[in-house]
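**Q** Give me the fold of what follows.
(one chain, ligands or ions: 1)
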Amino acid sequence: MNRIVINAKNVDVRISRHIYGHFSEHLGRCIYGGYWVGNDPELAAVVPNTRGIRNDVVEALKKIKIPNLRWPGGCFADEYHWKDGIGPVQERPRMINTHWGGVIEDNSFGTHEFLDLCAQLSDPAGPPCEPYICGNVGSGTVQELSQWVEYCNFGGISPMADLRRKNGRAEPWNVRFWGIGNESWGCGGMMTAEFYADNYRRYAVYARNYGAPPLYKIACGPSNDDYKWTRTVMEKTCGDGKNLLDGLSLHYYTIPGEWAHKGSAVKFTEDEWLITMRKAYHMEELVRRHGVIMDEYDPLRKVKLIVDEWGTWFDVEPGANPGFLYQQNTLRDALAAGIHFNIFNNYAERVYMANIAQTINVLQSVILTEGKRMVLTPTYHVFDMYKVHHDAVKLPVHVESEDCTLGSSSIPAVSASASRDGEGRIHVSLTNIDPRNEKTLSLELWGLQAQSVTGRILTSEAMGDHNTFEQPERVTPGTFTGGVISGNRAALTLPPKSVVTLELT
Ligand code: AHR
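**A** Alright, predicted model coming up:
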């Protein structure tokens, strides 16, 4: 028997819309060919674009109300020198993208182009798509990051503000989110936690506030279950009069196999499906246990957990450049996304932002492009179904679920999260990871009554079903009809391998 209780009494925590954020790196075809055709006259001639940015991609991301975009990396961020990406395009230096395929980076997409992209992604009638810039700590300097902030945010007369004006931008952009390094324990400089934390303090001090809004500074946090890293960084930056950070990042990828053989994105067994789900569920333990350590130094939970890289990571598609991390995206990815969002929603007291890796053509993408063609992946549709939770009030859920068993380990078949929006509508999102069996469940509402239940469902016949340029609508959401409500109870039937979002009114 599966049972879910939703409690609407004494609720006051909001699910930040930034949980539905994105990450886009100078990696493979994410920026170049994904967003940007400005450096490719042949492509620009056939892809409608605005100042070099693809219109089709912008429209698709606006539809899911993209709340923020992290850039320029990733590992790339710690080799990126922002001054290479400003000024006349033909004068910008070229560099080698050593991390990702050793290809030439022509720097045609730099600070102005990125901030133009964020502006284009912002719906004038709604909240903006906020830029989240990750600074270079690994091979950069304190001065370089300090000047980047000044260039973007200072409105008065100063060397960097004057340079910005010379490059055609009068007003400051007032970028709020700044990352101080990326994976500084690895590709961002192979630092110890102690060394990084001391450096973080220097970088953070000189990243100045130039008016409203104040900077939101995000320290490089742990990889996976490196709890020592979290403790050390928190201890050195927070508490005892120190108040140097707003967020601590966490990176965790769902990889079903070994690092050298992660498994195919589209051809996999039922066992691999379940291993993927088990590893996606692991995010809950990470958020909870890192949060417990953060609580020791920050009991009021002012410092937030920023899961700024998450997603599935499989082997690249056959024939693709191994350094480009291009993978297809199936119903399995959609379920993994639903599990992650339910976890983030349920831990909204601590998780303020999360960024899927990566938006286009890299890892768990929401969009794939090929020349002038574009396709939306099953993961895109999960973002679309869950957008009802943006900035809504979290309703705590209690889930009692049957297990799905794989060998000697069992994982819950059903996960859930719920919220109430500004108009009083209740939204409940559910996943059933069981690849074979539907799940019937009873939904109890405490402190709520509802007259109707409607919903959307994402499922498909086979676990590996996906959308291609030839068949772009194979996996798309449909209407959910498996719910009956009366008073404060609903009976639901979730088909196998499905993601559902209900609306109760
Ligand atoms: O998303 C791909 C890479 O994964 C990022 O560049 C890095 O931060 C992480 O290891």
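**Q** measure stretch 48-65 end to end?
**A** 21 Å (Cα to Cα, to the nearest Å).
**Q** which residues are contacting that stretch?
**A** Residues outside stretch 48-65 that contact it (Cβ atoms under 8 Å, 6 or more residues apart in numbering): 17, 20, 22, 34-39, 44, 47, 108-109, 113, 116-117, 120-123, 126-127, 129, 359-360, 366-367, 369, 374, 376, 380, 383-384, 387, 390. C-beta here means a position set from N, CA and C on the backbone, and glycine is covered the same way.
**Q** Same question for Pro496, what's its three-state structure.
**A** Secondary structure state of Pro496, per DSSP: H, G, I helix; E, B strand; the rest coil, is coil.
**Q** Around Glu42, count how many other residues there are.
**A** 9 (other Cβ atoms under 10 Å).
**Q** Checking my notes, it in a helix, right?
**A** Yes: the assignment for Glu42 is a helix, going by three-state DSSP.
**Q** That one and Leu117: what is the separation?
**A** 21 Å (Cβ to Cβ, to the nearest Å).
**Q** Skipping its backbone neighbours, what lies nearest the single nearest residue of the chain relative to the ligand in space?
**A** Nearest to the ligand in the chain, going by Cβ to the nearest ligand atom, is Gly74, at a distance of 2.8 Å. For Gly74, ignoring the flanking residues on the chain, the nearest one in space by Cβ to Cβ, 6 or more residues apart in numbering is Glu25 at 3.6 Å.
**Q** Pretty sure the one you found sits against Ile31.
**A** Yes: counting by Cβ atoms under 8 Å, Ile31 is a contact partner of Glu25 at 7.4 Å.
**Q** Now the lengthiest helix in the chain: buried residues?
**A** Longest helix of the chain, by residue count under DSSP state H: helix 270-297. Neighbour-count burial for helix 270-297 flags 272-284, 286-287, 290-291, 293-294, 297 (criterion: 16 or more other Cβ atoms under 10 Å).
**Q** do stretch 480-499 as well
**A** Residues of stretch 480-499 classed as buried: Phe480, Gly482, Gly483, Ile485, Ala490, Leu492, Thr493, Leu494, Pro495, Lys497, Ser498, Val499 (neighbour count, 16+ other Cβ under 10 Å).
**Q** Am I right that the fourth one sits in a strand?
**A** Yes: following the definition three-state DSSP, Ile485 is counted among the residues of a strand.
**Q** residue contacts, it?
**A** With the criterion set at Cβ under 8 Å, 6+ apart, Ile485 makes contact with Ala450, Gln451, Ser452, Val453, Leu504.
**Q** now swap in the last one and tell me
**A** Shown in contact with Val499 (Cβ under 8 Å, 6+ apart): Ala334, Leu335, Ala337, Gly338, Val382, Met385, Ser429, Leu430, Thr431, Ile457, Leu458, Thr459.
**Q** Asn321: neighbour count?
**A** Asn321: 14 neighbours (other Cβ under 10 Å).
**Q** Excluding chain neighbours, what is closest to it?
**A** Distance criterion Cβ to Cβ, 6+ apart; nearest residue to Asn321, sequence neighbours excluded, is Gly101 at 5.2 Å.
**Q** any idea of the pLDDT on that neighbour?
**A** On the pLDDT scale, Gly101 is placed at 95.
**Q** pretty sure Ala334 contacts His381?
**A** Yes: the pair Ala334 / His381 is scored as a contact, 6.7 Å apart, by Cβ under 8 Å.
**Q** neighbour-wise, which of the two wins?
**A** Set Ala334 next to His381 and count neighbours by other Cβ under 10 Å: Ala334 wins out with 30 against 21.
**Q** tell me which element the more buried one falls in.
**A** helix 331-346 (DSSP states H and E).
**Q** Would you mind putting the CA coordinates of the helix or strand just after that helix into CSV?
**A** Remark: after helix 331-346, the chain's next helix or strand is strand 351-357, criterion DSSP H and E. Taking C-alpha atoms only, strand 351-357 is exported to CSV below (Å, rounded to 0.1, in the frame of the first residue of the first chain):
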residue,chain,number,x,y,z
VAL,A,351,18.5,24.2,-0.9
TYR,A,352,18.1,27.6,-2.6
MET,A,353,19.5,26.9,-6.0
ALA,A,354,20.3,24.0,-8.2
ASN,A,355,21.7,23.9,-11.8
ILE,A,356,21.3,21.0,-14.2
ALA,A,357,24.4,20.0,-16.0
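**Q** Could you spell out the sheet neighbours of strand 351-357, each with its direction?
**A** Counting by DSSP bridges, the strands paired with strand 351-357 are strand 21-23 (parallel), strand 304-312 (parallel).
**Q** Can you give the contact residues for the helix or strand Lys228 falls within?
**A** Lys228 is part of helix 227-237, with elements assigned from DSSP H and E. Here helix 227-237 makes contact (Cβ under 8 Å, 6+ apart) with 185, 193-194, 196-198, 200-201, 204, 219-223, 242, 244-245, 248, 289-290, 293-294, 296-298, 303.
**Q** show me what contacts Leu250?
**A** Contact analysis of Leu250 by Cβ under 8 Å, 6+ apart lists Gly221, Pro222, Leu286, Val287, His290, Leu305, Ile306, Val307, Asp308.
**Q** OK, contacts around the residue lying closest to Asp78 once chain neighbours are set aside?
**A** Using Cβ to Cβ, 6+ apart and skipping the chain neighbours, the partner closest in space to Asp78 is Gly138 (3.1 Å). Counting by Cβ under 8 Å, 6+ apart, Gly138 touches Asp78, Glu79, Gly181, Asn182, Ser184, Cys187, Gly188, Gly189.
**Q** you'd agree the last one is up against Val137?
**A** Yes: counting by Cβ under 8 Å, Gly189 touches Val137, with 6.5 Å between them.
**Q** Quickly list what's touching both of those two.
**A** Asp78, Gly181, Tyr196.
**Q** Put together a markdown table for the residues you listed, with secondary structure on each row.
**A** Converted to a markdown table, those look like this (three-state DSSP):
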| residue | secondary structure |
| --- | --- |
| Asp78 | helix |
| Gly181 | coil |
| Tyr196 | helix |
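**Q** What subset of those residues is buried?
**A** Among the shared contacts of Gly189 and Val137, those buried by neighbour count (16+ other Cβ under 10 Å) are Asp78, Gly181, Tyr196.
**Q** Just the element for Arg474, please.
**A** Applying DSSP H and E, one finds Arg474 in no helix or strand.
**Q** Just give the nearest non-adjacent residue to it, would you?
**A** Asn467 (5.3 Å).
**Q** Please determine how far that neighbour is located from Ala337.
**A** 14 Å.
**Q** just Leu69 next, same as before
**A** Per Cβ to Cβ, Leu69 is found 17 Å from Ala337.
**Q** now swap in Lys387 and tell me
**A** From Lys387 across to Ala337, the span is 13 Å (Cβ to Cβ).
**Q** These two: which has the busier surroundings?
**A** Ala337 (31 against 18).
**Q** how about the nearest residue to that one once chain neighbours are set aside, secondary structure?
**A** Nearest residue to Ala337, sequence neighbours excluded (Cβ to Cβ, 6+ apart): Val382, at 4.3 Å. Assigned with three-state DSSP, Val382 falls in the helix class.
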